[in-house]
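Predicted coordinates and the sequence they were generated for:
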Amino acid sequence: RGVIFARFNPDGTMVLAGGEGSEAKLCNVATGESIPVGAENPNRYSGDWSPDGKRFVTAGSSGTWQVEEVRGGEIVEGGAIGNQGRPHQSAIKSVRFGPRSQRVVTASLDGTAQVWDVRTADPVGKSLQHGAGVNFAEFDRDGALVLTASFDGTARLWDAETGDPVLPPFEHPGRVEAAHFSPNGLVVMTDCEDDRVRFWSVSTGSLLDDRIGSGRGRFTPDSRRVFVFGDPGSEVGLRSWPVIRPRALHQVFRHVATGAWERPGRVQAADFHPDKPLLVTVARDSSGRLWDSASGTLTRTLPVNTEARKETTAFSPDGLRLLIGTQDEGLWVASGNPSGWGAPFPVARPPGGHVTPLVRYAEFSPVEEPGNGPPRSRWIVCASLFESAALLLDAETGETKARLKHADWCVFASFSADGGRIVTTGRDGSVKVWEGDWERGENGVTLKADLKGRLGTSNTAFFHPTNTNRILVSGWGDGAARVWDVEQGKVI
């Protein structure tokens, strides 16, 4: 039967496909074998993989979506969840995961789109209302915005958390067949039935460009060009155009002195909240600050000693905490909830009881999904110059679980994408890879690799997003960056 959609999983080993009149299929690329999906509802018009590759979602004519878990190339029995109790009133034409793998957005011919929590199957925020059927919907790269395309002649941007419209509609002279964000999140491309492709500014809503051509195309990964195929008047056509970018920055967030006790300072670090329009910033000689990233409004000042020299800040991937690392007063963590953020409290206390100073960098572990509780980021890894070690901390209690030691200052530490490994770098030029059971602390941690003999301080190191045996290391002393094979202990 006709195939309407087909999508690779993130590592390219499986394909999810579906269409009219037959169940969706989960296909093994290497063997060609397939597993039927959703045989009880054969018309599956859309499907998508979660960015972490652990789940897929399908949706179709019944107005329902269903998320299923995949492990080892097989569908996990009993792991399905969906909106069967709250279906759309007409067919779902499009379903897409959010960037954190915890939400999906559906677009339906009943004139609505909806964001859903895939852990509970509950709707998130209000229904996104159009005047006619909605043909497509997707999240932006941060998960803060939703873009919809409708037969009512408009495309719209919405707040993914509340369901409120963000800008006036992008008006078209006919049905909007599809709409896509550019990978950098600055531009929207829309495809109208008048056979014209339009480009719009995400920050202002203004029309940037208008070209002849069918918009069934894609942005290049660097967002600089768009490829459009199926031009009018030709059986097969492909055009490539440069993308006109917005000329103005969306917002400027300025750290200015708010009193005699505070001085304007160089902004040292910033991070976006994973799900909400929030930005946290820290400056060397002023307080930490929370901003509304959509409007640029300062929403809260975080009372960390303004004299402390701040080095780093980050939200946890589950969005429930944020950290601020300083050179003078160690690591501070604040907890958040729907009503706001609590005051930061110090963590990382060595046996003497004093807060560990000289925090160079810190980050939360990826979200875990324990069997007896909600998904959460359980750990913090903190590079401490004072301790010549990276500290593995319990994110909830601040307890130091292990010290990952270097011979000299530890300047950087980072988790692998699955949370099972940590890479640390030192002023002595070494790069160390650690693995184990973090819950067991020192007794559960082993040194997997010690890459020695480099020239100068190793500055940063990051794991490959899907292959924990590959790390990218940059160096201060020799001005080079290298990709390492952890198992073989050599540069590749």
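Good, I have the coordinates.

For the helix or strand containing residue 177, which helices and strands make contact with it?
Using DSSP states H and E, the secondary-structure element containing residue 177 is strand 176-181. Contacting strand 176-181 under the criterion 3 or more CB pairs under 8 Å, 6 or more residues apart in numbering; DSSP states H and E are the following elements: strand 134-139, strand 145-150, strand 154-159, strand 187-192, strand 216-219. To be clear about C-beta, it is placed using only N, CA and C from the backbone, and glycine gets the same treatment.

Swap in 7 Å and give it another go.
Identification of packing neighbours for strand 176-181 by 3 or more CB pairs under 7 Å, 6 or more residues apart in numbering; DSSP states H and E yields strand 134-139, strand 145-150, strand 154-159, strand 187-192.

For the residue nearest in space to the middle of the chain, which non-adjacent residue is closest in space?
Geometric centre of the chain, nearest residue: residue 99, 4.4 Å, by CA atoms, centre = their mean. Of all residues beyond its chain neighbours, the one nearest residue 99 is residue 143 (4.7 Å), with distances taken as CB to CB, 6 or more residues apart in numbering.

what's the average pLDDT for the strand holding residue 177?
In this model, strand 176-181 has an average pLDDT of 92.

Between strand 145-150 and it, find me the angle.
Going by axes from the mean of the first three to the mean of the last three CA atoms, to 10 degrees, strand 176-181 is angled at 160 degrees with respect to strand 145-150.

what lines up beside strand 176-181 in the sheet?
According to DSSP bridges, strand 176-181 forms sheet pairs with strand 187-192 (antiparallel).

Quick one: mean pLDDT over the partner strand.
In this model, strand 187-192 has an average pLDDT of 90.

Just the CA coordinates for it, please, in PDB.
Written as PDB, here are the backbone C-alpha positions of strand 187-192 (Å, rounded to 0.1, in the frame of the first residue of the first chain):
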ATOM      1  CA  VAL A 187      13.900  31.300  10.300                       C
ATOM      2  CA  VAL A 188      10.700  29.600   9.300                       C
ATOM      3  CA  MET A 189      10.100  28.200   5.800                       C
ATOM      4  CA  THR A 190       6.500  27.800   4.700                       C
ATOM      5  CA  ASP A 191       5.000  25.900   1.700                       C
ATOM      6  CA  CYS A 192       1.800  27.400   0.300                       C
END
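
contact partners of that strand?
147, 149, 155, 170, 172-174, 176-181, 197-202, 208, 214-216, 219, 223, 226, 243, 245 (CB atoms under 7 Å, 6 or more residues apart in numbering).

what pLDDT does residue 147 get?
Taking residue 147 on its own, its pLDDT is 97.

ok, now the one 10 residues further on?
Residue 157 is assigned 96 on the pLDDT scale.

same thing with residue 478?
Looking at residue 478, its pLDDT stands at 68.

which residues touch residue 61?
When the contact criterion is CB under 7 Å, 6+ apart, the partners of residue 61 are 43, 45, 91.

can you confirm residue 5 is in a strand?
Yes. Assigned with DSSP: H, G, I helix; E, B strand; the rest coil, residue 5 falls within a strand.

hmm, back to that, figure out how far the strand holding residue 177 is from the centre of its chain.
The offset between the C-alpha centroid of strand 176-181 and the centroid of the whole chain comes to 21 Å, using CA atoms, centre = their mean, to the nearest Å.

what's around the residue nearest to residue 99, how many residues?
Residues contacting residue 143 under the criterion other CB atoms under 10 Å number 23.

which ones are touching it?
Contacts of residue 143 were listed using CB under 7 Å, 6+ apart, and they are 98, 99, 100, 103, 160, 274, 275.

what do you get for residue 17?
Counting by CB under 7 Å, 6+ apart, residue 17 makes contact with 3, 5, 6, 24, 25, 27.

Quick check: the fourth one touching residue 43?
No. Residue 24 is not in contact with residue 43 according to CB atoms under 7 Å; the separation is 9.7 Å.
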